[in-house]
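In: My questions concern the predicted model and sequence given below.
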Amino acid sequence: MAAGPAVIERPPTEIKDPGVKFGDNTGDYETESGEGGQQVDRQKRTQYPGKWRVMLHNDNVNTRDHVVEVLTRTVPALTVEQAVAIMMEAHTNGMAIVIVCEKEHAEFYCDVLKSYQLWSTIEPDAVK
């Protein structure tokens with residue numbers, strides 16, 4: 001018996017205000033004893049577990065209209081107005097937060113933005 005087609009669900013999205021200031025992603029470190037008496041460094045979490053920022057960086061290649069179209073196509077939860085605000089934030093400040101989501105989804109969004117020739121990266125979302 002053949003299996004039916006797979007259903008791909010869209011990842012849940014959480015839109016952040018593009019004007020959010022960037023936090024310090026560094027953490028305090030503590031040392032604890034690991035297996036066999038080895039010393040193991042463990043980072044105290046200063047970020048939400050699993051939450052990552054998808055960053056859009058300014059470039060001098062893509063038009064503003066192209067960036068807005070790609071943003072709304074890539075992140076369905078974004079309205080045109082939100083995409084324009086993100087594009088303008090990146091244009092004026094050098095970078096902007098597109099979305100904050102789980103790491104796997106952030107990697108997906110970043111890869112799709114890159115496939116449209118936009119400059120995108122991901123970074124951990126810091127706790128405020």
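Out: Yep, it's here.
In: for this protein, which spans come out with low pLDDT?
Out: 1-49, 127-128 (pLDDT under 70).
In: cutoff 50 now
Out: 4, 6-8, 10, 16-34, 37-48 (pLDDT under 50).
In: So which residues of it form strands?
Out: Secondary structure of the chain (DSSP state E): strands located at 29-33, 39-43, 47-57, 95-102, 119-126.
In: Quick one: the helices in the protein, in order.
Out: 64-74, 80-93, 103-115 (DSSP state H).
In: Compare the ones you listed and give me the one nearest H57.
Out: helix 80-93 (6.4 Å; CB to CB). For every residue, glycine as well, the C-beta is placed using N, CA and C.
In: other SSEs contacting that closest one?
Out: Contacts defined by 3 or more CB pairs under 8 Å, 6 or more residues apart in numbering; DSSP states H and E place helix 80-93 against strand 47-57, helix 64-74, strand 95-102.
In: Go through the ones you listed and name the closest to Y116.
Out: Counting by CB to CB, Y116 lies closest to helix 64-74 out of these; the figure is 4.4 Å.
In: Helix 80-93 and that closest one, what's the angle between them?
Out: Interaxial angle of helix 64-74 relative to helix 80-93 (axes from the mean of the first three to the mean of the last three CA atoms, to 10 degrees): 130 degrees.
In: now, of the helices and strands packed on helix 80-93, which is deepest in the fold?
Out: For those, the largest average neighbour count (mean count of other CB atoms under 10 Å) is found in strand 95-102, namely a mean of 23.
In: helices or strands up against that strand?
Out: strand 47-57, helix 80-93, helix 103-115.
In: now those in CSV, with distance to E69?
Out: Output for these, formatted as CSV (distance: least, CB to CB, whole Å):
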stretch, distance to E69
strand 47-57, 13
helix 80-93, 8
helix 103-115, 12
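In: and T74, which of these is closest to it?
Out: Nearest to T74, of all the helices and strands packed on strand 95-102, is helix 103-115, at 4.7 Å by CB to CB.
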